[in-house]
Structures are given as structure tokens and as C-alpha cells.
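Visitor: What follows is a predicted structure for the sequence shown.
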Amino acid sequence: MPLAACLGTIEEAWQTRARLEEVVSRLAEPEPPARAELLALRKELKNVEYAVGVLSGIVRERIGALSHREGDPADG
Amino acid sequence: MVDIVAIALSGIEAAQQQLAITASNIANASNPNYSVESVEVAAVPGTDGGSAGVQVLGVRRATVPFVNPQINHEQAAESYATAFSQIVQTAETYLAPQSGPDLAQSIQDLLNQFLSLSGSPEDLSLREGVLTSAQQLAQQSQSIDSGLANVAGNALAGLPATVAQVNDYTAQLAKLNFEITQASSQGVAGGATAAALLDQRDSIAQSLAGLIGAQMDSQGNVSLGGVPLVSGSTSFNLSLVSDSTGNHLEVNLPYGVLTPPNNTVGGQVGGILNAIDAVSELRQRVNHYIDGVASAINSQQALGYDLNGNPGGALFVVPSGDGPIAMQSGFVPDNFAAASSPAGVPGDGSNAAAIGQIQNLGGVDSDFPNANAQQAWAQLTADFGLTVETANTQQTQAQALLQSLEQLKTSVTGVSVNQELTQMLEYLNTLQAAGRAVSVGLNLVEYLIQNL
């Protein structure tokens, strides 16, 4: 997943979270959430999980690159 | 349980913004005009007294408000001294040329020739020698005068371009003030933009201080000697006026034209203006000096008689004001009034000797009533040498102070890559924790899929 798509997924994660909240709130109702709805939600959450994983990987990579960098004047 | 996902997502969002700022910080680690930025976050209180996640408050830019005006002040002082020093040093080369005699040595040479002539007043080759020395002196006087005039003229010729640069900077500052207000009104979204614009504004303000010594306040308003150059998002045009009274600056304001006092104009423009004045004064003093010497020679010439028994005529043309001397047109070797009487006593060189003795005469230059020609020149050149030396010292001191202030600023506003690294590790932890929270939400949905 490219970084832009990854950030886009994270930006949309609030909607996923709202849907999750809404699904949970309907659990106690007589008509529970449909399976198709839950499958779609699972797909979205997996995307978010994957995007967070990609972002973490990028940060880890940058940390690695920076660790090998020469010190700057501000570092004393 | 859903709250955990919400908290996690708010953490991811904050971490994402922090990462963007960190990336910007690292990319600008070598940019001296960049101030390190950070994201301000705060906990969002939850309904049950706990936390509902984090909220991004804005982007904070590291600043040293007490140092920036000092830097601008020293930048102005350094640029002033550099501009002033360059011009007066060039002028000084006319007082002490690298090759050939200086003006006082040429005078000495001419007066010594008169002393030689006094021993053999009828010797035509000696008379030719005196004439050659007199011509060289007049030529040197004119050469120094035109040289100093050129130094001042060249400095003045460069000023309009510098003033145009000042106007360009003030226009940029006014535009930046407007953009900063716009960006600041957008809250968090405009935070990073506003910070970058503030950096740009500080950098231009320093350049402007270097050009003209104008100081900017914390709101981005700029004034020079109490006359506004930038007020909010409006800039006012500066122009250079050169007239018979000298050179001065004018600012065109909506209600009229105001003139910042010349002694409040600093930076490069102030240095050039003051150097032009210093060189003009030097030119006047040198001319006054040579006019005094030439007048003394002419006066003594008038007291003697030439080879043909005629009263001595003027050797030099001395202008009524202070100006360079010239050779009297048609003056020939016979015209030197070596004798003191018209009778033409053979061997009478007493008046030539008297002219030669002018080198010991005090007060030839009325600016130095107790000094002979050599001493007066020594004093004149020493005075100007002190001006040059003081300018050089001020330049060195201002440079050192400016460097030290910039180091102080960098220590606060500069990017520490080590610090950015530490922060990235924190962001990584946030992301990893958030990833786990999302996994919990995912497990819930998996459970629901399997059990509903």
C-alpha cells in the first residue's frame, strides 16, 4: 500500500469507527446487524490495521536511516 | 470497547501530524532560516472522567523573541560597517598610493627643487625640473580630487538599486503579514503554514535590517526612525532624494511624505550615505590643504622677480572654493621668481629659497594652524585613517556578535536530529498501540460474524 493510500485509509478510519459504534449499539436490538454489513466493516478495519502497520514500518525505516546520520550543529 | 478504537484513532491522527512536522523539521535541518516546529496535543476528557483520546491544538514554532531584534540590530550594524568600510578604504588609497609619492611627498619634492634652484637661479635645467615637479603636483591634486569624487559617485550610483531592494522586501513583508493572518485564522490546519511564513518573515526582516537598519516589531510592522515602512499588510514606498543639500530618504505615506532622519538610517544604505559624506569631507579637506600650499607658493612668487626681471606671477591656479589646483596657463621656466629684486643681481636665488622654506612654515593649511605642510598632511591622513580603522573594528565586532547571536538562536530554533529521532520513537509507540486497539475492534467484528 503506498503511503498516500495508507494516510487516506487512516483519515477515513473515523467513519469506520462510527460504523463500528453503530453496529455495536444495534447488537441489543431485535434485528442485529446483517452479515454483509459486518463483513464490509471487517474489511475496513483490516485496511486500517494494515495502514497503521505500513505507517509504523515507514517510521521504523526513517528511524533506522536517521540513526546512521551525522550529528547536526544543534545536537552539540 | 469502541472507545478504545476511538482513542486509538485520535492517537494515530495526532501521530500522523507529528510525523509530518518531524519530516519537515528533518528536511530543514540544514536550513538556517527554519525554526523547529512541534505539534501541541492535549488529552480530550472522557464522559466517565477518563480520557477520550488526544486532540491536536496546533503547530508551535520555536522562537527566541528576545534574540531576533538583537540579531537584526547587529545585522544592521555589520552591514553598515561593511559598506562604510569598503568605501572609505577605497578613498584611503588616494591618500596613500601603493606606488609613487603621496601628495605631501610631491609638495616636499617641489619645495626642495626650489631650494636647489636658489643655489643656481639662472640654471635652466633646474628651472625645467621645478616646472616638472609643479606640473606633477597639480596633476596629482586633480587626480586625487577626481578619484575621491568617483568613489563617492560610484557609491551613490549603487544606492537606487539598494533602495529598490528595500521596497521589494517591505512589499514582501506586507504580503507575508496578510498571509500569516489568513493562515493563523485557520487554526490547526494553518499552523504549519503560519510557522513557515513566520520563518520567511523573520528572514526578510533580517535582510531588511541589513539593508537599511529598519526594525520589525512582533506584529510584522516595520519602521525607520519612527517613519513606517510596513504597517500590517501595507507597505510604503521609500525613495532616495539627492539635491544640493545632500542625499536623504523619503517615505511616501498616504497623508504625505516623511523623511527618516539620516542618523536613523542604518545598514548598508546608512553605511553608504555616511561614507559618501565622509569621502566628500575628505575631498574638501585635501583640496583645502593643497590650496593652502599652492596659495603660499603663489604669494611668495609674487614677492620675487623672474629671470627677465618681471614680478613673479602665479604658478598655480587656486580655485576660490576648495578645489584641485591647476598649472597657470603659459607658465614657463623663466617665470620662476627666484630673485628678490628686479635688478637681476647675478646669483640672487633668495626668493626661491623663501619658497623652498614654505615647507617649514606653520599654518599653510588653516585647518592646522600650528603645523607645517608635512605635519598637516600627517594629521589629515591620520584623522581619516582613524575613521577607516574604527569602521574596520566595528565591522569585526559586529560580525563576531552577529555570529554569536545566530548561534544562540540556532541552539533554540535549530533542528536537533537526535531529538527528532526520540520523538519518532514515541510516534512509533503510539502507532503500534493504536494498531493493537484496531486489532481489538477487528476481533470484535470477527466474533460478531461468527456468532450472529
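Guide: Great, that's in hand.
Visitor: Would you check how far apart residue B:109 and chain A are?
Guide: Per Cβ to the nearest Cβ, to the nearest Å, residue B:109 is found 58 Å from chain A. All C-beta spots, glycine's among them, are computed from the backbone N, C-alpha and C.
Visitor: same question, residue B:288
Guide: Residue B:288 is 54 Å from chain A, by Cβ to the nearest Cβ.
Visitor: and what of residue B:312?
Guide: 74 Å.
Visitor: OK, contacts around the nearest residue to that residue once chain neighbours are set aside?
Guide: Closest residue to residue B:312 apart from its sequence neighbours, by Cβ to Cβ, 6 or more residues apart in numbering or on different chains: residue B:337 at 2.6 Å. By Cβ atoms under 8 Å, 6 or more residues apart in numbering or on different chains, residue B:337 lies in contact with B:300-306, B:311-313, B:351-352.
Visitor: What parts of the stretch 301-450 of chain B come near chain A?
Guide: Proximity of the stretch 301-450 of chain B to chain A (Cβ under 8 Å from any Cβ of the partner chain) is limited to residues B:410-411, B:414-421, B:424-425, B:427-428, B:431-432, B:434-435, B:438-439, B:441-442, B:444-446, B:448-449.
Visitor: Now the buried members of these.
Guide: B:410, B:414-421, B:424, B:427-428, B:431, B:434-435, B:438-439, B:441-442, B:444-445, B:448 (16 or more other Cβ atoms under 10 Å in any protein chain shown).
Visitor: residues near residue B:413, how many?
Guide: Number of residues near residue B:413 (other Cβ atoms under 10 Å in any protein chain shown) recorded here: 22.
Visitor: need the contact list for it.
Guide: So residue B:413 contacts B:34-36, B:62-64 (Cβ under 8 Å, 6+ apart).
Visitor: where does the closest residue to it other than its chain neighbours land in three-state SS?
Guide: Nearest-residue entry for residue B:413: residue B:35, 4.0 Å, with adjacent residues in sequence omitted and distances by Cβ to Cβ, 6+ apart. Here residue B:35 is coil, with the state taken from DSSP: H, G, I helix; E, B strand; the rest coil.
Visitor: now residue B:41
Guide: With three-state DSSP as the basis, residue B:41 sits in strand.
Visitor: cool, residue B:240 as well?
Guide: strand.
Visitor: tell me the contacts of the nearest residue to it once chain neighbours are set aside?
Guide: Spatial nearest neighbour of residue B:240, chain neighbours left out: residue B:163 (5.0 Å); criterion: Cβ to Cβ, 6+ apart. Residue B:163 is in contact with B:238-240, B:249, B:269, counting by Cβ under 8 Å, 6+ apart.
Visitor: Model confidence for residue B:163, exactly?
Guide: On pLDDT, residue B:163 comes in at 95.
Visitor: in a helix, that's where it is, yeah?
Guide: Yes: counting by three-state DSSP, residue B:163 is part of a helix.
Visitor: just checking, the residue nearest to residue B:312 is part of a strand?
Guide: No: assigned with three-state DSSP, residue B:337 falls outside any strand and is coil.
Visitor: Now do it against residue B:346, distance only.
Guide: Distance, residue B:337 to residue B:346, by Cβ to Cβ, to the nearest Å: 16 Å.
Visitor: Over to residue B:380?
Guide: Between residue B:380 and residue B:346 the computed distance is 41 Å (Cβ to Cβ).
Visitor: Thank you, goodbye.
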